[in-house]
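requesting a structural model of the entry that follows:
(chains A and B)
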Amino acid sequence: MNTKPAQNPEFAIEFRDVSYEIRDARNEKIDLARERSIVSHISLAISHSETLVLLGRSGSGKTTLLKLINRMLAPSQGQVLVEGRATTDCDAIRLRRGIGYVIQEAGLFPHFTVAQNIALVPSLEKWDHARTVARVEELLRLVGLNPAEFSSRKPRELSGGQRQRVGVARALAADPPILLMDEPFGALDPVTRAELQREFSALASRLKKTIVFVTHDIREALLLASRIALMEAGRLVAVAPPQDFLTHAHPEVQAFTNCLDTPTGGSQ
Amino acid sequence: MSPWHFFAEHRNEILAATFDHLTLVLIAMSIAIAIAVPLGMFIVQRRTLSSIALGITSVFQTIPSLALFGFLIPIPFIGGIGRRTAIVALVLYALLPILRNTYVGLTGVDRSILEAAEAMGMTNAQILLRVRFPLALSVILAGIRTATVITIGVATIAAAIGAGGLGTFIFRGVAMVNDAVILAGAIPAALLAIAADILLGQIERRLKVL
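As a prediction, the model looks like this:
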């Protein structure tokens, strides 16, 4: 993929020969300077309304790739296009408010109620009160939580699964066309995880969002993905829909599919 | 003369000194908070500046308090004999615990929370004021509490440079070799410290978000 004009509306997200290396932490982001890995020469186009699962071992660069999309990280080389525009040409704050983000442990604000957490982006965008309240109720119902019961609770009064549901609701608040999810179900017990995976799968097909979903769990990838992109040591080694993925010849794919054979493993 | 007898006879004087002491502490603490908390918020994302600021305030803390009062006397504008000099010294002492706790509280916010805040499109100022600060409040208050208790104690020494307060009795008692007079300064000072500790401790617990 060479440099073409920056307009390419057929893709929601496009990586054009993107590399990211750790540079010396500038003083602006001391806290987030750790745990970054390197990715090199990534080219990948993600269509509208598809659920692309980034699969790979820990440290393979999945999260780095995700953070390049909403410019939590800026590419050292190449371009990341969101809705046809290079992320480095966009205002990072505006870009992020238009992209939902869900992380492991949800990252909810402990001093906010559930409703305030969900209303975060609407409040930043200065929605009026009535619209915000209506939206929060709608979203709580969408993720299967009763608004009357949960709106005024604090995150500490929720179970892990409920927190993660609130995390999804918060990401969806301003109805962003793109949703980024970084191992959102990784910290849940297996039963809750399976429950949320099923519900999320149904939700995803209903909402028609472009979803980029990071996981190291091949079962989760097979369940949720419209396409699986496998990362190994900062490189993209295989991209295929789930049904073709299992028969892919790459040794790293084999390593992952082997997990499926062991009766107990795979979901950890 | 028994201490109780002395207390009873000089209760108005002791009460006035206690009031002086309290205002000295309140003024010094207000200034110290007004400097240290905003400074802490300013340095939180500036690594070099934060070590410089914490380093300088630590140095103040290592100077023996009596010496610090002495050093300040010859300095123009802020120095001299009296309350103003005492307040400057007390402020310098109170800075470190407040600044350190502000810094630790603001930087100690859970990484996933900060990451989520950034990813939601909050600006650095919004993250600082709406996320870091409220979550750090109980830690900041713990620093204010420590500083207050220290300041109440150190303020007794301020009497040595003519700032008044409960230290007046202590110095007088030492000079007269009279325990009753010393206690007339020491007991109210200790009670003030305990009361401040309990009161601020309660506020601190109320602010704790877990």
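
mind listing the helices in the chain by residue range?
In the absence of a named chain, chain A is used. With DSSP state H applied, chain A shows helices at A:62-69, A:92-97, A:114-118, A:120-124, A:129-142, A:147-150, A:160-172, A:190-207, A:218-224, A:242-245, A:251-261, listed in chain order.

my bad, chain B
Listed in chain order, the helices found in chain B under DSSP H are B:3-9, B:11-43, B:47-62, B:65-72, B:83-107, B:111-119, B:124-126, B:133-154, B:167-176, B:179-207.

and the angle from the third one to helix B:83-107?
Looking back up the chat, that one is helix B:47-62. 140 degrees (axes from the mean of the first three to the mean of the last three C-alpha atoms, to 10 degrees).

now helix B:47-62 against helix B:11-43, angle please.
Taking the same axes, to 10 degrees, one finds helix B:47-62 and helix B:11-43 inclined to each other by 160 degrees.

which of the residues in helix B:47-62 are buried?
B:50, B:53, B:54, B:57, B:61 (16 or more other C-beta atoms under 10 Å in any protein chain shown). The way it works is simple: take the backbone N, C-alpha and C, and place the C-beta from them, glycine included.

pick the most deeply packed of the helices of chain B.
helix B:83-107 (a mean of 23; mean count of other C-beta atoms under 10 Å in any protein chain shown).

that one vs helix B:167-176, what angle?
The directions of helix B:83-107 and helix B:167-176 differ by 120 degrees, with the same axes, to 10 degrees as the criterion.

helix B:83-107 and chain A, are they touching?
Yes: using C-beta under 8 Å from any C-beta of the partner chain as the criterion, contacts between helix B:83-107 and chain A involve residue B:107.

that helix - contacts with which helices or strands?
Secondary-structure packing of helix B:83-107 (3 or more C-beta pairs under 8 Å, 6 or more residues apart in numbering or on different chains; DSSP states H and E): helix B:11-43, helix B:47-62, helix B:65-72, helix B:133-154.

and the longest one, how far from the chain's centre?
Right, helix B:11-43. Distance of helix B:11-43 from its chain centroid, counting by C-alpha atoms, centre = their mean, to the nearest Å, is 7 Å.

can you give me the pLDDT of residue A:57?
pLDDT recorded at residue A:57 is 89.

need the phi and psi values for it.
phi -70, psi 170 (degrees, to the nearest 10).

report how many residues lie close to it.
Burial of residue A:57, expressed as a neighbour count using other C-beta atoms under 10 Å in any protein chain shown, amounts to 15.

who's in contact with it?
Taking C-beta atoms under 8 Å, 6 or more residues apart in numbering or on different chains, we find residue A:57 in contact with A:216, A:232.

now it: how far from residue A:215?
With distances defined as C-beta to C-beta, to the nearest Å, the gap from residue A:57 to residue A:215 amounts to 11 Å.

same thing with residue B:125?
The gap separating residue B:125 from residue A:215 is 34 Å, by C-beta to C-beta.

residue contacts, residue 152?
Because you didn't say which chain, this covers chain A. Neighbour list for residue A:152: A:113, A:114, A:115 [criterion: C-beta under 8 Å, 6+ apart].

wrong one, I was asking about chain B
If you count contacts by C-beta under 8 Å, 6+ apart, residue B:152 has them with B:21, B:25, B:189, B:192, B:193, B:196.

how many neighbours does the closest residue to residue A:145 other than its chain neighbours have?
Excluding its sequence neighbours, the residue lying closest to residue A:145 (C-beta to C-beta, 6 or more residues apart in numbering or on different chains) is residue A:165, at 5.7 Å. The tally of other residues near residue A:165 (other C-beta under 10 Å) stands at 24.

one more: residue A:247?
Other residues within reach of residue A:247, judged by other C-beta under 10 Å, total 9.

cool, and residue B:157?
Other residues near residue B:157 come to 21 when the count uses other C-beta under 10 Å.

and the buried residues of helix B:47-62, which is closest to chain A?
Of all the buried residues of helix B:47-62, residue B:50 has the smallest distance to chain A: 9.4 Å, by C-beta to the nearest C-beta.

need the per-residue pLDDT for the residue nearest to residue A:145.
Among the per-residue scores, residue A:165 shows a pLDDT of 92.

contacts only, for it.
The neighbours of residue A:165, taking C-beta under 8 Å, 6+ apart as the test, are A:143, A:144, A:145, A:196.
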